[in-house]
Every structure is written in structure tokens, then in C-alpha cells.
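# Need coordinates for the below:
(2 chains)
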Amino acid sequence: MKLAGWFCAIVLAGGAAAGPAAAQPSRVVSMNVCTDQMAMLVAGEGQLISVTHLATDPHTSAMVEEAQAFSVNHGLAEEIFLMKPDLVLAGTYTSRASADLLRSLGIRVEMFDPVDNFGEVREQLLRIGEVLGRKDRAAAIVAELDEGLREYTTDMSGITALGWSSNSYATGGGTFTDAVMKAAGLTNIAAREGIQGGARVPLETLLAQKPDLIVTGSTSYERPAMAQDNFAHPAFRAYVSDGKQVSVPDQYWVCGAPFTLEAVRILQMAAKARGAAN
Amino acid sequence: MNEALRYKLVLAVLSIGVFALFLVSLATGPAAIGFADSMRALFSSDAYEIGLIMREIRLPRAILGLMVGATLGLSGAVLQGYLRNPLAEPGLLGISASASLGAVLTIYTGVSLAFPLALPMAALAGAGIAVLVVRAMAGGAGGTLSIILAGIALSAFAGAMTSLALNLSPNPFAAMEIVFWMLGSLTDRSMVHVWLAAPFMLLGWVMLALTARALDALTLGVSAASSLGVDLRRTQFLAVGGTAASVGAATAVAGAIGFIGLIVPHILRPLVGSMPSRLLPASALGGAAMLLAADILVRLIAPERDLKLGVLTAMVGAPFFLWLIWRSRRTMV
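Purely as a prediction, here's the structure:
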């Protein structure tokens, strides 16, 4: 098995245009929930050895079952160093200090930004394929994603949606949420109102803008906090009582991958139901 | 001018002020709705969304602003009279912070979801314990210093326990809500909160109002008051219970809002005279006006930032507090 992997790496490296032939890494550790899932999708048998604990948490990961096969890390430099990795995949936001420390210990660390659109998802999947020496597999996954996206090109732009989360935070333009809404053909009302990134949209403003759909996460926490009071407010309950609320489980769009198509599908189904009701 | 007439005039002006601020509060909010439209939407069901905004978002906010403000003004006046201490008020004495702790323990453990009344009752218990501790520390002589020191210790302890409880919550948002409990806010409160808190606040007001005559007598000193037939145990029960019920309920739905109970009685005392029985109604109205004004300002200054009420009241209140200390230091020397 391992021999086959080596052989494959040599062939792939031989196919690359220039540069010294990089050996295919065989002990890959991922310390970010998004690189966890991309690596699980792209890596060859036995190549990936550890993913973060978040990959086993159904609130943040769409690949909980697959993650069971790997040992779990918590993004700490010490535990990762002891795993003797030859490649570490990290996010630019999470565990920055740990990633820098590992790098100074002589371990190759590849950093990945959080994605804001499907173009970046494609780029990152292909880059994972490149650093893992699994370009073909990565290209196949990107093709799967693109094929899926083509299924949802129905124009639903007459339906307005507002992504609204805890503490009344709404997601505007330039976010991955916005990209998923666009992929489902919807109009993101927060982006239309000029919000870039995230901003507070008070309940009053929400009611005044009258979105057709209010997109909420489905994360339920073990204990309550007032941050989630906005969903229990009588005015909100009254407004969404006729089915305007659609919840998209967070794990489908915390990270971008073919599983994000499920978020697109949920949104477009809700939009079609709304369009029929209007 | 005749003193009784001036007292009535002050009450009339304050009442009109509270009413006007209540209307302005109803007309203030992020959704641009004309004044006439908003008032009409309060009573008609034509415009669905505007009606929801007015009846379910702005009306409870204005009602709570009025009631919480009145609670703080009234309890401040009672505490200053009862403890015979010019620096007494629920915030400085740790009563609000202790009420916060009680509320936090029920909200974040999920108890208040299963049994909503647990929220105001736990806050009441927290506030009640705080008043009793402060009262015990004050002793018979009612020394200014010991009361304030006890209040500082209580505030620090309750604040620390509140942040501990929030940090231990498995909900990642809980820790960020420390700010709400320390500084208070009325953002997006609903009628549910009004129904939960109003009965306790009203009960507290009645109890506090019943202390008025005893407080008048207490201005002459404890022994003079008891020789005048004042039942000191009854007065203590009313003052402690009334403060606990009203401040507890107010804090349970709006967080701890400081300084209103301190400033309002001091501003009004020169206008209505130093008789506590006159100061109490005036302070209740004054507190309501001040909190409504502060709540309007937080929505006008930075509508998108969700400023906390305690920030505004502290900006006015803390310099005032320092000035009070400065003045009392001069008179002590």
C-alpha cells in the first residue's frame, strides 16, 4: 500500500512542471476544522494521521464519522510535535502561535485562510491536493462540487433572505454565507442593504426589511445564553410563524466543500416553498 | 413660593417629563417609522410589521425603562433615608450586583427556561441578602464608611461570581454577556420580561412607599423615631423587602444599572426639601425620566453598537459621586 503511494507520488512529481520532486508527505496532521475536512476528502489511505477535536463535533463538522478513523488533536504545538508530522495543515485564524512554533521546530506548515466564496474553496482543495501529492483526487472533488452547483442555478432572486444568528448578527456581502445564498439563487438582503461582512441587524430593522426567508443556524447549545434570546422574542416568533425561518445546520457551511451543496439545497428548497406561498 | 405648592409643581413637571420621554422612547429605534405612524400602529392592526415593532419591541422597552428607572430612583431615596447615608444606592451597595448574580445563576443553568418565575425570585434573593449584609455592617450607628466598604466588597464578590458562572457555561456566548450584567441594557426586551418583572417591582414600590413616614421620623435619629412610635422592625422589613423585590426584578431583566439611585435623590432634595416622604415620589419620577433619557440616548448616539445603559449613567454619575465625596470630606473636616 505504502509502496503504491510512493510510486504514485513519484509519477505525480514527475508530471509537475518544475522544481525538485517533493516526496508525498506520509504523516499529515491537520489543526483546523476546515483543513481537517479537506484533508479527509483528498488524502490517500494512511496519509493523514490526526484531525482536530472539532472534526468530531457534529456542530462544526460535516464529516464526524470519517473523523473517527483518526487520532484527535486540540491544535496545541506540543501534542502535534509529538506526532512527528512531516506536514501540518493549519488555518490562518486558529492556533496561529502554535503553527508558528511548529514551523520554528522545523516542521513544514501550510496555512489556509477562511474561505469567502466558492472560488477560494476550489483553490484550497486544489492546493491541498498539491501539498498532499493527490492532485487528481482534488480535481475530482472540485469537479464534484462544480457539478453539484450547476444543479441549483434556478434564479430565485425574487426571494430575499437574511442570515441572522445569535446576538442579532446578520451576514452581509463578501461572506461565505452570502456566496451560498447566491449559489442557491437568492438575494441576500443584508448585502443589498450595503452590509459587508457581519453586522448587527436589530429585530426592528429585520421586521422593517421584511425578508422572505430568515436563515438561522441549527446549533443548539447545552445551556442557554441571552445571545439566543433574539430567536425567542415574541415579535420574531410572530413574524416567522408562517414558515419564514429556515435553519441550515452550521456544519454544512462553516467550511466549504462538496458537503456545502447540502446548504445550497436546503436554501433553494425553502425559497421554492416561499415562492409558491407568495 | 409656598413649599407645598413648590412640591406639587415639581411633581407635575416631573410627571409631564416622564410622559414626554416615554413617547420619545416609543418613537426611537433603528426602523425609520414616522411619529404619527408609530403611534397609530400601537393601537391598530393595519400595518403588520410596524405593529409588531411598536407593540412587541418598543412598548416593552419603554415600559421597562420607566419602571426600572422608577425603581432605582425610589430605592435610592429610601436607602439614603433608611441608612441615613448620602452615598447609599443599589449599585454602590452591591445590591444590583448581587441581584445580577442571582439572575445569572438561573438563566445560564437553564432553570429559568423550565420555571420562568425563578428568574425574578433568584434576583430578589440576591438583592435581599445584599441589603441585609449591608444593614448588618452599618450597625446601629450607620457609619458612612463601613456601609460603603461593605458595598464595595459585596459588589466585587458578586461581580466575580457572576463572571465565574458565565465563564463556566458551555455556551460560548455566555462569557460575552458579562457586560450586560455589569452595565445593563434594555435592547430587545419583550413583553415576557415586563410580565415577569412588573409584579415584583410594583410590590416593591408599595413596600418602599410605606416606609415614607417612618423615614421622616428617622431623620430625627433612631431613638427619637422610636419614641415617636415608629416600628423599627416593620420599617426594616419594608425597606429591605421593597428594595430586594423591586431592584431584584429590575436587575433580572435589565442588568445592573448604576448611579441613578445615587444622583436622582440628590438633585431633587433641594427642590422638594429634605422630608423623605416628599422625596420618594419625586425620586421615582426622576429616576424614570433619567433612565428613559439614557435609553433614548444609547439608541441615538450609536444605534448599531448596542451601547450599554450603565456606560451613560456612569459618565454622568461617577463625576457626581466624586463631587459628593469631595463635599462630604469638606464638611467632615
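
# moving C-terminal of the helix or strand of chain A with the lowest mean pLDDT, what's the next helix or strand?
The weakest-scoring helix or strand in chain A, judged by mean pLDDT, DSSP states H and E, is helix A:2-15 (a mean of 43). Downstream of helix A:2-15, the next assigned helix or strand under DSSP states H and E is strand A:28-30.

# near chain A, which residues of the stretch 151-300 of chain B show up?
Applying CB under 8 Å from any CB of the partner chain, one finds that the stretch 151-300 of chain B approaches chain A through B:169-174, B:176-177, B:180, B:187-188, B:190-192. In short, each C-beta sits where N, CA and C put it, glycine included.

# Quick one: buried ones out of those?
Buried positions within those, assessed by neighbour count (16 or more other CB atoms under 10 Å in any protein chain shown), are B:169, B:171, B:173-174, B:177, B:180, B:187-188, B:190-192.

# Which ones among those residues map onto helices?
Using DSSP state H, the members of those that fall within helices are B:180, B:191-192.

# so A:K210 sits right up against B:E49, yeah?
Yes. Counting by CB atoms under 8 Å, B:E49 is a contact partner of A:K210 at 5.9 Å.

# Next up, the contacts around the residue nearest the centre of chain A.
Nearest to the centroid of the C-alpha atoms of chain A, with distances taken as CA atoms, centre = their mean, sits A:C255, at 0.5 Å. Listed by CB atoms under 8 Å, 6 or more residues apart in numbering or on different chains, the contact partners of A:C255 are A:33-34, A:37-38, A:62, A:115.

# Then B:A175?
B:163, B:166-167, B:169.

# likewise B:S277?
Going by CB under 8 Å, 6+ apart, B:S277 touches B:212-213, B:215-216.

# For those residues, could you give me JSON lines that also reports secondary structure and pLDDT?
Compiled in JSON lines, these are given as follows (DSSP: H, G, I helix; E, B strand; the rest coil; pLDDT from 0 to 100):
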{"residue": "B:A212", "secondary structure": "helix", "pLDDT": "95"}
{"residue": "B:R213", "secondary structure": "helix", "pLDDT": "93"}
{"residue": "B:L215", "secondary structure": "helix", "pLDDT": "94"}
{"residue": "B:D216", "secondary structure": "helix", "pLDDT": "94"}
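
# so the residue nearest to the centre of chain A, which of the three states?
Secondary structure for A:C255, judged by DSSP: H, G, I helix; E, B strand; the rest coil, is coil.

# where does it fall, phi/psi-wise?
Backbone geometry at A:C255, expressed as degrees, to the nearest 10, gives phi -120, psi 160.

# again, but for A:M181
For A:M181, the backbone dihedrals (degrees, to the nearest 10) come out as phi -60, psi -40.

# Per-residue confidence, the closest residue to it other than its chain neighbours, what does it come out as?
With sequence-adjacent residues excluded and distances taken as CB to CB, 6 or more residues apart in numbering or on different chains, A:M181 is closest to A:N188, at 4.6 Å. pLDDT recorded at A:N188 is 96.

# what about A:N188, how many neighbours?
Neighbourhood size, A:N188 [other CB atoms under 10 Å in any protein chain shown]: 25.

# Could I get the contacting residues of it?
Contact partners of A:N188, counting by CB under 8 Å, 6+ apart, are A:160-163, A:171-173, A:177-178, A:181-182.

# Tell me the bridge partners for it.
Using DSSP bridges, the beta-bridge partners of A:N188 come out as A:A161.

# What residues does the stretch 51-200 of chain A have near chain B?
So the stretch 51-200 of chain A meets chain B at A:166-168, A:199-200 (CB under 8 Å from any CB).

# coming back round to it: neighbour count: A:K210 and B:E49, which is higher?
It is B:E49, of A:K210 and B:E49, that has more neighbours when counted by other CB under 10 Å, with 19 against 13.

# Next, the contact list for that one, please.
With contact set as CB under 8 Å, 6+ apart, B:E49 has these partners: A:207-208, A:210, A:239.

# I figured A:R274 hits A:D212, correct?
Yes. Under the contact definition of CB under 8 Å, A:R274 touches A:D212, with a separation of 4.9 Å.

# Could you tell me whether A:A90 really is in a helix?
No. Secondary structure of A:A90, determined by three-state DSSP: strand, with no helix assignment.

# Give me the distance between the closest residue to it other than its chain neighbours and chain B.
For A:A90, the nearest residue in space outside its immediate sequence neighbours is A:A99; the separation is 4.1 Å by CB to CB, 6+ apart. For A:A99, the distance to chain B (CB to the nearest CB, to the nearest Å) stands at 22 Å.

# Confirm that A:A99 sits in a helix.
Yes. Counting by three-state DSSP, A:A99 is located in a helix.

# In this structure it contacts A:P85, no?
No. With contact defined as CB under 8 Å, A:A99 and A:P85 do not form a contacting pair (11.8 Å).

# Okay, now the unreliable bits of the stretch 1-150 of chain A?
In the predicted model of the stretch 1-150 of chain A, residues A:1-23, A:94 satisfy pLDDT under 70.

# for the one residue sitting closest to the centre of chain B, helix, strand, or coil?
In chain B, the C-alpha closest to the average C-alpha coordinate belongs to B:L72, at a distance of 2.4 Å (CA atoms, centre = their mean). The local conformation at B:L72, judged by three-state DSSP, is helix.
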